[in-house]
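A.B. asks: Quick check, what structure comes out for this input:
(one chain, ligands or ions: 1)
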Amino acid sequence: MMTLYGYWRSSASYRLRIALNIKGVDYNYVPVNLVKGEQRSAAHLSRNAQGYVPVLELEDGTCLTQSLAVMDYLDATFDTPKFMPRDPILRSKILSAALIIAADTAPLQNASVLNHIKSEYTQDQEAALAWARKWIENGFSALETIAAERETAFLYTDDPAFFEICLVPQVYNARRFGVDMSAFPALLEIDSACRIRPEFANAAPENQIDAQQN
Ligand SMILES: N[C@@H](CCC(=O)N[C@@H](CS)C(=O)NCC(=O)O)C(=O)O
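C.D. replies: Below is the predicted model of the structure:
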């Protein structure tokens with residue numbers, strides 16, 4: 001069986017829990033406590049030299065890292081349901097929207113980035129949260145424009161694809177950081193349509209075995 005090393009509140013881990021559930025893949029879940037710094041242990045660094053979660057360890061011990069790369073592996077390995085359509089233009093558009101979250105938004109509100117802002121630039125918690133909100137709102141503004149014009153239930157498709165797998169964890173984080181989500185009604189519609197699905201609900205942070213650990 002595969003093993004997912006993750007943390008309940010990590011949005012990148014949340015993406016992979018959703019992706020594994022949609023594919024119907026059984027996996028072991030091993031929590032790595034980010035607040036206690038377990039991601040920097042020698043054992044975890046041997047799985048991921050970056051010292052990040054998530055890591056998906058395959059049955060033969062191969063460790064896969066970077067959530068989008070792992071989602072791509074899952075889509076290439078498990079045929080149905082497909083996360084990504086075949087049409088090259090549609091694929092590119094979905095990947096572009098997913099990367100607005102995964103490349104341009106989420107990294108700016110990673111715990112280590114917020115801690116760095118506080119310790120190196122003598123900012124308090126409220127300033128760090130305001131920074132996080134600014135970059136989330138920036139990414140969400142662009143995505144809201146795209147989502148408002150959609151012609152499908154989800155952003156470009158009738159079933160959740162890479163984009164939605166990234167969106168739901170990012171909305172979870174936005175709420176944690178106090179973003180006013182009423183400014184993004186189309187994104188909220190997509191988020192709600194995803195979260196009623198069991199694959200998404202079972203992947204939610206509060207439903208993990210390490211939930212509430214600090
Ligand atoms: N681009 C990476 C991001 C991974 C990442 O940022 N993980 C965070 C949790 S969401 C982490 O492990 N942070 C630990 C730290 O900052 O020390 C991915 O998509 O997998």
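A.B. asks: for the helix or strand bottoming out on mean pLDDT in the chain, packing partners?
C.D. replies: Ranked by mean pLDDT, DSSP states H and E, the weakest helix or strand in the chain is helix 111-120, scoring a mean of 92. Using 3 or more Cβ pairs under 8 Å, 6 or more residues apart in numbering; DSSP states H and E, the elements in contact with helix 111-120 are helix 125-148. The way it works is simple: take the backbone N, C-alpha and C, and place the C-beta from them, glycine included.
A.B. asks: got the phi/psi numbers for the closest residue to residue 10 other than its chain neighbours?
C.D. replies: Leaving out its chain neighbours, the residue that sits closest to residue 10 by Cβ to Cβ, 6 or more residues apart in numbering is residue 53, at 5.2 Å. Residue 53 adopts backbone torsions of phi -100, psi 160, taken as degrees, to the nearest 10.
A.B. asks: Quick one: neighbours of residue 53, just the number.
C.D. replies: Neighbourhood size, residue 53 [other Cβ atoms under 10 Å]: 25.
A.B. asks: now do residue 178
C.D. replies: Neighbour count for residue 178, taken as other Cβ under 10 Å: 13.
A.B. asks: now do residue 177
C.D. replies: 18.
A.B. asks: tell me the contacts of it?
C.D. replies: 109, 129, 132, 133, 136 (Cβ atoms under 8 Å, 6 or more residues apart in numbering).
A.B. asks: Would you check how far apart it and residue 167 are?
C.D. replies: Using Cβ to Cβ, to the nearest Å, residue 177 is found at 15 Å from residue 167.
A.B. asks: In CSV, list the contacts of residue 177 along with neighbour count, pLDDT and distance to the ligand.
C.D. replies: Below are these laid out as CSV (neighbours: other Cβ atoms under 10 Å; pLDDT from 0 to 100; distance: Cβ to the nearest ligand atom, whole Å):
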residue, neighbour count, pLDDT, distance to the ligand
109, 22, 92, 9
129, 17, 95, 16
132, 23, 96, 13
133, 16, 97, 17
136, 24, 98, 14
